[in-house]
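Novice: what's the 3D shape of this:
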Amino acid sequence: MENREQYKRLIMFFASALILLVQVVIFYYIWHRYYNYRSVIGALYWRRGNWALMGVYAFINFFFSKIFGAYKVGYLKVSDVIASQILAVLCCNGVTYMQLALIGRWRFSAYLEPIMQMTLYDVVAVIAWVIFMRWIYAKIYPPRQMLLVYGDINPKALIQKMTSRTDKYSIVDMINISEGYDAVIERISHYEAIVIGDIPSVYRNKFLKYCYANSIRCYSIPKISDIMIKSSTTINLFDTELMLFRNRGLTAEQRLLKRASDIVFSCIILVVFSPILLLVAVLIKLYDGGPVFYKQERLTYNHKVFMIYKFRSMRVDSEKTGAQLAKKNDDRITPVGHVIRSLHIDELPQLFNILKGDMAFVGPRPERPEIAELYKKSIPEFDFRLKMKAGLTGYAQVFGKYSTTPYDKLKLDLTYIENYTFALDLMIIIQTVKILFQKENSEGLDTGQKTALRTEDKKN
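Specialist: From the prediction side, this is the model:
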């Protein structure tokens, strides 16, 4: 398999180029058959004009496909790649239709049928491409037989996550570091890949060096310090290499750009969704006569406490026994609440928090002070999330779930904070559109949990 591994990028490049070419050909067919007429577009396009339009279409398609991860066959689940491809097609064809409408100076309702036909062809093509490429990928790169090396922390959650992707991971054996270094090394030598769980760094580093020396593939769970190291700046001091950790959060320019974009995005969304906001408010009021909005204390940048606004999705007395997060099949949620939570509409009033400056559009999700204190007892570093203003959406929301453990959320949020760019914000906003349609992202905790903490959560 190692000989084939070196060709993986090349294979995926040609596979991605193939589906892009197919979509460009579909666009050219629709363009040439339905749009390229003086009576429709206002002029007749010839060779250079056609090439220019196809080039623009290819660029737009490639842009949205990369943003949504539509080419990640073999990395994401088949259903996720198909969803990403379809979203990329919808966005690309929507932008293309507006482009053609502006060129032809039509109303946006005119000549809509051909673009819908093109979208249908594209969807069929990308679904067929994903299924075919996944079959090819599985034939060329079957899952490796892997050994799991673990320590004091129960590896059950990690095993469940990895075994949910049997197409990519195959854990066939496991060993605890308590059996001794020599025993672990001897076991590692029989496998082509290993998974290093959450074990002390001194052991992990030894195993990594052994695997590096013997060309054995490693998967390792990062620690908080690893995330900081990954985002550091390298400085060469003559023949000595230093790593610079600035540990300061955003620069003044980044804060200014982020705040300006927050105001612009919030105003646009409030205007566009104002009819939905009004309808939801009426439905909540009609259901039980209780308050429309739910206000709650949350934490944001630099430990500041603010009142967050949400549409009320639970009964008025839902927390008479104390603060707790929503659970799966929570009987406190009203019928209206089930709908608005599944569509994430209950979060829209937080746009007013963004306009006030309490929150940002993208950032770590704000926690309740009392729940944050509970998390800090097991994870003292949980306050690291407060180096940036809380957000309506975030890195942990895109790549995690509602029930993701606090420690995993912390690591995801730190990845965002330490690698912040405006482009990353845009990527997260676009990716948020994708997760709105994923049911597991709106599910609550398991029954019996009041917070997202689990017994295996520990400080590292």
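Novice: residues near Gly363, how many?
Specialist: The local packing count at Gly363 equals 28, with neighbours defined by other Cβ atoms under 10 Å. Yep, even glycine has a C-beta here, placed from its N, CA and C like the rest.
Novice: from Asp152, how far off is it?
Specialist: 33 Å (Cβ to Cβ, to the nearest Å).
Novice: grab the most central residue of the chain for me.
Specialist: By Cα atoms, centre = their mean, the chain has its centre lying nearest to Val398, at 2.6 Å.
Novice: give me phi/psi at Ala359?
Specialist: Check again: residue 359 is Met, not Ala. Dihedral angles of Met359 (phi, psi; degrees, to the nearest 10) stand at phi -130, psi 170.
Novice: and the pLDDT at it?
Specialist: According to the prediction, Met359 has pLDDT 96.
Novice: which residue comes closest to Gln397 once chain neighbours are left out?
Specialist: For Gln397, ignoring the flanking residues on the chain, the nearest one in space by Cβ to Cβ, 6 or more residues apart in numbering is Arg365 at 6.4 Å.
Novice: which residue ranges of the chain form strands?
Specialist: With strands called from DSSP state E, the chain shows them at 144-150, 169-176, 193-196, 217-220, 233-237, 240-244, 293-299, 305-311, 360-362, 391-393.
Novice: would you mark the buried spots in the first one?
Specialist: Okay, so that is strand 144-150. For strand 144-150, burial by neighbour count (16 or more other Cβ atoms under 10 Å) applies to 144, 146-150.
Novice: cool, and the longest one?
Specialist: The neighbour-count check on strand 169-176 (16+ other Cβ under 10 Å) flags 169, 171, 175-176 as buried.
Novice: so which of these is the closest to Ala390?
Specialist: Proximity of these to Ala390 was ranked by Cβ to Cβ; the top entry is Tyr169 with 33.8 Å.
Novice: residues in contact with stretch 283-299?
Specialist: Outside stretch 283-299, the residues within contact range by Cβ atoms under 8 Å, 6 or more residues apart in numbering are 281, 305-316, 334-336, 349, 366-369, 372, 386, 390.
Novice: thinking again about what came up before, pretty sure the residue nearest to Gln397 contacts Ala396?
Specialist: Yes. Arg365 is in contact with Ala396 according to Cβ atoms under 8 Å; the separation is 6.7 Å.
Novice: those two - which one has more neighbours?
Specialist: Set side by side, Arg365 and Ala396 show more neighbours around Ala396, with 24 against 20, by other Cβ under 10 Å.
Novice: Tyr407 is in contact with the more buried one, correct?
Specialist: No. Contact between Ala396 and Tyr407 fails when scored by Cβ under 8 Å: they sit 11.3 Å apart.
Novice: give the contact list for Leu343.
Specialist: Leu436.
Novice: 55 is where my numbering starts, stick with that
Specialist: Sure, I'll start counting at 55 from here, so that last one is Leu397.
Novice: look up how far Ile121 lies from it.
Specialist: Distance, Leu397 to Ile121, using Cβ to Cβ: 22 Å.
Novice: same question, Ala112
Specialist: Ala112 sits 15 Å away from Ile121, taking Cβ to Cβ as the criterion.
Novice: of the two, give the one with the bigger neighbour count.
Specialist: Higher neighbour count among Ala112 and Ile121: Ile121, with 19 against 16, using other Cβ under 10 Å.
Novice: that one and Ile482 touch, don't they?
Specialist: No. At 10.1 Å, Ile121 does not count as touching Ile482 under the criterion of Cβ under 8 Å.
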